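S.K.: Return a 3D structure for these sequence lines:
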Amino acid sequence: MPSSTVQEVAPLSARSLHGAPASVVRPAYDRARLRNGIVHLGLGAFHRAHQACYTEAVIAQGDLRWGILGVSLRDARVSELLSAQDNLYSVTERHGDEARTRVVGALKGALFARKELGQVIAAIADPAVAIVTSTVTEKGYSQSPATADLDLDDADVRHDIAHPDSPRTTLGVLAAGIRRRPAGAPLTLVCCDNMAGNGDTLRKLLVQYADQFDTRLARRIETEIGCPNSMVDRIVPAATQASLAWAEARLVLRDEAAIVCEPFTQWVIEDRFAGPRPAWEDAGALLTSDVRPYQAMKLRLLNGTHSAIAYAGQLCGLETVADAMAHPLVGGFARRLMLEDLCATVAAPAGYDVRAYCHDLLKRFENPTLQHRTQQIAMDGTQKVPVRWLPALRESLAAGIERPQLERALAGWLHYLAAGRGDSGAPLVISDPGAAALAACMRETGNDTDAAKAALAHRPVFGTQPWPSAFADRLARHLCALRQGGMTALLAT
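M.R.: Have a look, this model is predicted:
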C-alpha cells in the first residue's frame, strides 16, 4: 500500500477562497472596483474585527467608495501577512459552541509606515480619501498623562517638529498628510482609542503639534478637519497558535491574520463629519450628538474592570480573563469592583440600564472560548490607569467617598510594577515604557507608607494635584497586605 501523506493546507488568497466551506461568508462584490476612501492607522486585530467589519457591511450593500488602506506604524509583520493574502483575512465570532466565520475584503492595501512613508502620506493627502480612522492605543498620540497636553519631551515628537516631512509619530503622519491635501478637500479623523473625548483630544494634540512649526496648518486643523468623538467596544484577543489552528479548521485554508473574537460589537459615533462618510449606521453603528456618556461607561466599567482583572490575574498566575472570572477571589473582586464601585461613578444616557450593561459585561468576561490573555491587557498601564481609574477616584475622594475595590485595584497594579513577580515568585513580563520610573521611585523607599506616597507623587502618572493623606494611608495598608500575603491577603478581607 502507498504511504499516506499529510495534505498541505493552502494559504488564504483571492484565488484559494473559492475552496472555503459554504458556511464561510465571503465578499460578494467586485473587489477590483473597490476604491480607497478610508486610511486606517494601526492595522491591528481590533480594527480588523471592528471598524473594518462595519465598513465591510456598507460595501456589501453596494457602496464601493469605502475601501480601506491599512497602515501599520510600528510592526511590519501584519502588513506583510495581509499583503501576502491579497489583503483578505477571516473574522470568527465565537461564544461557546456557537461560531460564525466571514472573510473580510474591505482592505485595499496594507502598508508599513516606516518603509512606505511616502505612500502613507500621499494616501492621507488624496482628496478621494474622506476618512482617516485610528487605533494606535492611548500611548500612540504623544499625550502626557499628567498634563493631558502634547508631550514635548518625547524624542519622536521633537524629531517630527524638526523634520515634519519625515515623521515617526501618529500626529506627525497625520499632519504631513493634511499639509499636502488640496484646499477644500474635506477630511474627518475618527479616533477609535480609549480616551475620554478622543476626537476632541486628537484635535487638540494635533493642533498643539502643528503649532510648533506651521501655524497655518494648525488653524486649518482647528477649523476645517472633522474630529468626532467615538466609542468602540468588542473583545478581540491577540491571535495565538491555537486560535490560528482553530480558524484554519473552519476555513480549510491557512489564514495567518485570522481573528477569533466575541459576537458582541458596538460603535457609537458623534455625527460631526466634515464631508462624506460610510453609512455605518446601516451596519449597526449608533450615530449620536454626544458620545461622552457611552464613552465614560465603557472606559470605567469595561476597560477599568479589565485592567483590574489583568493585574490581579497576572499576580495570581491566571492566564486569561475567563480564568480570572472563574477564580473565587479574583472573580468576586471583579464583580464587586464593577457593580459596587465603578457603576456608582458613571452617568448613564437617558433610558439606559447601566446595571443590565454591567451584567452583560461580566457574562462576556466569562466567555471561555476567547482566551483573552491577562498579560496582553496589562500592557501600558501607565497610559491606561490615568484614564480608566484615576478620574473616578479623584471625583469620589473629592466627594468624601471611598472606593475600596478600586483602591485595592490601584494597589495591586503598583505592587505588580514594584515587585515584578507574581505571588508564586515567578517573574512577570511587564510591557510598559513608563513602568520602570514609577517602580523605581517605590523601590527606593523603606516602607509601604513611603512607597504609597512616592507613587502618588509620581507626576507623569498621578498628576500635580495632591492626593488626600487618608487615601495614601489606605493605599499603604493594601501594599503591606500584598507584600506580606499577595492577592489572597488583599482580596480575602
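S.K.: Any stretches of the stretch 201-350 of the chain with poor pLDDT?
M.R.: Low-confidence segments of the stretch 201-350 of the chain, defined by pLDDT under 70: none present.
S.K.: at 90 instead, please
M.R.: 238, 292-293, 295-296, 347-350 (pLDDT under 90).
S.K.: all strands in it, in order from the N-terminus.
M.R.: Applying DSSP state E, counting those that start in this stretch to the stretch 201-350 of the chain gives strands spanning 230-233, 259-261, 266-270, 286-288.
S.K.: Residue 126 against residue 37, yeah?
M.R.: No - applying Cβ atoms under 8 Å as the test, residue 126 and residue 37 come out as separate, 9.4 Å apart. C-beta coordinates here come from the backbone N, C-alpha and C atoms, glycine included.
S.K.: More neighbours: which of those two?
M.R.: The neighbour comparison of residue 126 against residue 37 (other Cβ atoms under 10 Å) goes to residue 37, with 23 against 19.
S.K.: Dihedrals phi and psi, the more buried one?
M.R.: Per-residue torsions, residue 37: phi -120, psi -10 (degrees, to the nearest 10).
S.K.: which residues touch it?
M.R.: 65-67, 128-131, 276, 278 (Cβ atoms under 8 Å, 6 or more residues apart in numbering).
S.K.: repeat for residue 436
M.R.: If you count contacts by Cβ under 8 Å, 6+ apart, residue 436 has none.
S.K.: For it, what is the enclosing helix or strand?
M.R.: Element membership for residue 436, per DSSP states H and E: helix 435-443.
S.K.: buried stuff in that helix?
M.R.: The neighbour-count check on helix 435-443 (16 or more other Cβ atoms under 10 Å) flags 435, 438-439, 441-442 as buried.
S.K.: Count the residues that sit near the nearest residue to residue 443 once chain neighbours are set aside.
M.R.: Closest residue to residue 443 apart from its sequence neighbours, by Cβ to Cβ, 6 or more residues apart in numbering: residue 418 at 5.8 Å. If you count neighbours by other Cβ under 10 Å, residue 418 ends up with 22.
S.K.: how close does residue 418 sit to residue 412?
M.R.: The gap separating residue 418 from residue 412 is 11 Å, by Cβ to Cβ, to the nearest Å.
S.K.: For the contacts of residue 37, give me CSV that also has distance to residue 251.
M.R.: Listed next are the contacts of residue 37 as CSV, based on distance: Cβ to Cβ, whole Å:
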residue, distance to residue 251
65, 29
66, 25
67, 23
128, 33
129, 31
130, 33
131, 30
276, 34
278, 27
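S.K.: Drop the exposed ones from the residues you listed and show what's left.
M.R.: 65-67, 129-131, 278.
S.K.: just curious, which of those is nearest to residue 400?
M.R.: Closest approach between the buried ones among the contacts of residue 37 and residue 400, by Cβ to Cβ: residue 131, at 45.2 Å.
S.K.: is the closest one in a bridge, and if so with what?
M.R.: Beta bridges link residue 131 to residue 38, residue 188, judged by DSSP bridges.
S.K.: Give me the pLDDT value at it.
M.R.: Here the pLDDT value assigned to residue 131 is 98.
S.K.: wait, doesn't it sit right on residue 191?
M.R.: No - the pair residue 131 and residue 191 does not pass the contact test of Cβ under 8 Å, sitting 11.6 Å apart.
S.K.: and this protein, what are its domains?
M.R.: Following automatic domain parsing, one finds the domains of the chain at 16-288, 292-491.
S.K.: Please name whichever of those domains is nearest to residue 8.
M.R.: With Cβ to Cβ as the criterion, residue 8 lies closest to domain 16-288 of the domains of the chain, at 8.8 Å.
S.K.: follow-up on the earlier one: which one of the buried ones among the contacts of residue 37 is nearest to residue 247?
M.R.: Nearest to residue 247 among these, counting by Cβ to Cβ, is residue 67 at 23.6 Å.
S.K.: so who does that closest one touch?
M.R.: Neighbour list for residue 67: 34-38, 59, 106-108 [criterion: Cβ under 8 Å, 6+ apart].
S.K.: Just the ones in helices from those, please.
M.R.: Judged by DSSP state H, the contacts of residue 67 include residue 59 as members of helices.
S.K.: Tell me the one of the contacts of residue 67 nearest residue 85?
M.R.: Among the contacts of residue 67, residue 107 lies closest to residue 85 (Cβ to Cβ), at 9.6 Å.
S.K.: Which residue, neighbours along the chain excluded, lies closest to the closest one?
M.R.: Using Cβ to Cβ, 6+ apart and skipping residues adjacent in sequence, the residue nearest residue 107 is residue 87, 4.2 Å away.
S.K.: Which residue ranges of the stretch 51-200 of the chain form helices?
M.R.: Using DSSP state H, counting those that start in this stretch, the helices assigned to the stretch 51-200 of the chain run over residues 51-60, 76-84, 117-125, 155-162, 170-180, 198-211.
S.K.: Return the list of helices and strands in contact with the longest one.
M.R.: Yep, that's helix 198-211 we're talking about. Where contact means 3 or more Cβ pairs under 8 Å, 6 or more residues apart in numbering; DSSP states H and E, helix 198-211 is packed against helix 155-162, helix 170-180, strand 188-191, helix 215-224.
S.K.: measure residue 91 to residue 236 for me?
M.R.: Taking Cβ to Cβ as the criterion, residue 91 is separated from residue 236 by 9 Å.
S.K.: neighbour count winner among these two?
M.R.: Using other Cβ under 10 Å as the criterion, residue 91 and residue 236 rank with residue 91 on top: 25 against 20.
S.K.: if I pick the more buried one, what's in contact with it?
M.R.: By Cβ under 8 Å, 6+ apart, residue 91 lies in contact with 48-49, 53, 101-102, 104, 258-259, 261.
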